[in-house]
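**Student:** With the input below, show me the fold.
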Amino acid sequence: MLDINLEFTPKFTIQRKCKVDVLTISSCAVHYFADGRLWSQFDETSYCYLNSNDFDCGVIDFEIGFMGYTGQPYPKLYTKCFRLLTEDKTLIKPVKRSNETFASKVNNKGELIVSLRYYFHDEDEINRLINCKKLLIESFVAFDKPTNTYGFAIQLERGEDDKWVSKMANTYRIRKQDNIKYLID
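**Tutor:** Numbers count the residues shown, from 1 in each chain. Model (predicted):
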């Protein structure tokens with residue numbers, strides 16, 4: 001079963017001398033919908049749908065926690081260029097057809113959460129993800145306005161005891177892609 005919950009303990013060492021936030025990934029949760037969670041209407045409103053539910057094969061949710069955002073509380077969010085990659089070259093790269101915003105949420109640890117939802121295409125796709133040993137999640141996200149764009153990447157690996165660990169969790173500020181509306185999936 002693909003059910004990952006990781007927490008990071010960031011230590012801020014970068015001194016902030018400009019208006020750009022220094023974002024740090026503070027948690028990562030990946031849930032295959034069949035993991036027994038109860039459905040919440042509030043939670044449902046905070047998900048960015050990466051594709052549409054045309055396949056009736058289930059869903060996987062990604063909840064990425066960020067610390068260091070100093071802007072408007074509960075900012076509207078934009079996403080683009082989501083990519084999921086495994087060690088056996090399984091690639092999930094949905095093409096979003098709109099730049100619609102979605103709601104953010106704050107969890108019980110005070111993290112700003114970006115929630116992404118992907119609908120599986122077929123059983124093979126589900127099995128390849130459930131059985132993978134390495135997983136790379138990356139995307140662009142913009143907070144509150146399209147020009148406040150950051151990239152993030154998280155690499156996870158399954159250890160010998162089947163417990164997931166993070167090998168890398170970074171945020172990026174790429175100047176050439178500072179407006180998420182101009183990015184192409």
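**Student:** the longest helix in the protein is where?
**Tutor:** Of all the segments of type helix in the chain, defined by DSSP state H, the longest one is helix 123-130.
**Student:** Return the set of buried residues in that one.
**Tutor:** Applying a neighbour-count criterion of 16 or more other C-beta atoms under 10 Å, the buried positions in helix 123-130 are Glu125, Ile126, Leu129. Any C-beta I mention is one placed from the backbone N, CA and C, and that applies to glycine too.
**Student:** The first one and Val59 touch, don't they?
**Tutor:** No - between Glu125 and Val59 there is no contact, the gap being 11.7 Å when judged by C-beta atoms under 8 Å.
**Student:** How about Glu138: what's its closest non-neighbour residue?
**Tutor:** Ala153 (4.1 Å; C-beta to C-beta, 6 or more residues apart in numbering).
**Student:** Return the residues in contact with that neighbour.
**Tutor:** Leu136, Ile137, Glu138, Met168, Ala169, Asn170, Tyr172 (C-beta atoms under 8 Å, 6 or more residues apart in numbering).
**Student:** looking only at pLDDT, what's the mean for the helix or strand it falls within?
**Tutor:** Under the criterion of DSSP states H and E, Ala153 resides in strand 149-158. On average, the pLDDT along strand 149-158 is 96.
**Student:** what does stretch 97-110 give?
**Tutor:** The pLDDT scores in stretch 97-110 average 89.
**Student:** Endpoint to endpoint, that stretch covers what distance?
**Tutor:** Across stretch 97-110, the straight-line distance between its terminal residues is 31 Å, by C-alpha to C-alpha, to the nearest Å.
**Student:** Only the buried residues of that stretch, if you could.
**Tutor:** Of the residues in stretch 97-110, those buried under the neighbour-count criterion (16+ other C-beta under 10 Å) are Thr101, Phe102, Ser104, Lys105.
**Student:** Dump stretch 114-124 to CSV, restricted to CA.
**Tutor:** What follows is stretch 114-124, C-alpha atoms only, in CSV (Å, rounded to 0.1, in the frame of the first residue of the first chain):
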residue,chain,number,x,y,z
VAL,A,114,-0.5,22.4,-0.9
SER,A,115,-2.8,19.5,-1.7
LEU,A,116,-2.6,17.8,-5.2
ARG,A,117,-4.9,15.0,-6.4
TYR,A,118,-4.2,12.7,-9.3
TYR,A,119,-6.8,10.2,-10.8
PHE,A,120,-5.2,6.9,-12.0
HIS,A,121,-5.7,5.9,-15.6
ASP,A,122,-5.5,2.1,-15.1
GLU,A,123,-4.6,-0.7,-12.7
ASP,A,124,-1.1,-1.1,-14.1
